[in-house]
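J.: Fold the stuff below for me.
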Amino acid sequence: MQRSEDTIRVVLGVYDPDGSYSRHAGVVMTSIFLNTKSKVSVCILHDATLTQHNRMRFQQTAGMFGQTVEFVDVTEHVERLGKNAVQTAGEFLSVGCLFRLLIPDLLPYTKVIYLDCDVLVNLDIRELWDIEISEYCIAGVRDPMVKKKKRIFSRDFLITKLLHIDLADYINSGVLVMNLEKIRETCDLAKEALAYFVRYRHCAPPIDQNFINFIFNKKCRLLDARFNRNSTEPGDERAILHVMGKPKPWQGFNDAAAGRIYWK
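T.: Numbers count the residues shown, from 1 in each chain. Predicted coordinates:
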């Protein structure tokens, strides 16, 4: 298989008002480095909540493995998404969930892997990087939390009726391969997000994930479940494990695979 780039580029978003969230991003980085032989460059999208101390620890973590990390401050750019996006994200999740929507504008690369910070990478991430997506804007795994409910006004009902998205194609946005070149050719993602958050702000959450599915409907390659496996479901542990619910591993040790890997 032909490799598109020698360096695998991974993007993490860090919004850290109490100074504790950076640790989880550091665990994600470490899980990648431990399982991947290739050169990896991690980009940390952050705002003013990233402390100098935590920045230094990211650099130390990457240096221990001979890998690299870069930092991009998104503070001014988040304003492009509008106050509706920021308020809604703050109500339901975190402002940090919006950072991924700025990636095509901020990063000059042709392709990146975006990861949430509640995942554990327990495979060689080059397996994901080398998947062919030249004809698609993004690639992701079908969201296992979507169960094709038909109850009126359920979350899934709203997704299908308001956003016109087939639930069989609805992906979880915690692990994405983003073809930035294709995205930039197709749309201005931040501008589209601004319009979407104004119109659909009161629709069912998660609003950022719904937007990604809405804007890239029919432009997304579906991936094998092992690239974003719900950590509570049985399956091969050689996967990218995503703790989609609670408790998170850092909220207390348990003997599940995600917990063991996190604390290791």
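
J.: By mean pLDDT, which helix or strand of the protein comes out lowest?
T.: helix 83-92 (a mean of 57; mean pLDDT, DSSP states H and E).

J.: any idea how far N210 is from L34?
T.: 33 Å (C-beta to C-beta, to the nearest Å). Any C-beta I mention is one placed from the backbone N, CA and C, and that applies to glycine too.

J.: of these two, who's got more company?
T.: More neighbours surround N210 than the other of L34 and N210, with 22 against 12 (other C-beta atoms under 10 Å).

J.: Okay, and that one sits in which element?
T.: Per DSSP states H and E, N210 falls inside helix 207-215.

J.: Could you list which residues are in contact with the closest residue to S22 other than its chain neighbours?
T.: Leaving aside its sequence neighbours, S22 sits nearest to N54 (C-beta to C-beta, 6 or more residues apart in numbering; 3.9 Å). Shown in contact with N54 (C-beta atoms under 8 Å, 6 or more residues apart in numbering): 14, 16, 19, 22.

J.: Likewise for R221?
T.: By C-beta under 8 Å, 6+ apart, the neighbours of R221 are 131, 133, 135-136, 138-140.

J.: and it, how far is that from L107?
T.: Applying C-beta to C-beta to R221 and L107 gives a distance of 20 Å.

J.: so what's the closest residue to G140 other than its chain neighbours bridging to?
T.: Nearest non-adjacent residue to G140, counting by C-beta to C-beta, 6+ apart: I171, 3.6 Å away. Here I171 shows beta-bridge partners R142, assigned using DSSP bridges.

J.: hang on, isn't I171 packed against I212?
T.: Yes - taking C-beta atoms under 8 Å as the definition, I171 is a contact partner of I212 at 7.5 Å.

J.: Compare these two and say which is more crowded by neighbours.
T.: Neighbour totals were compared for I171 and I212, and I212 leads with 27 against 24 (other C-beta under 10 Å).
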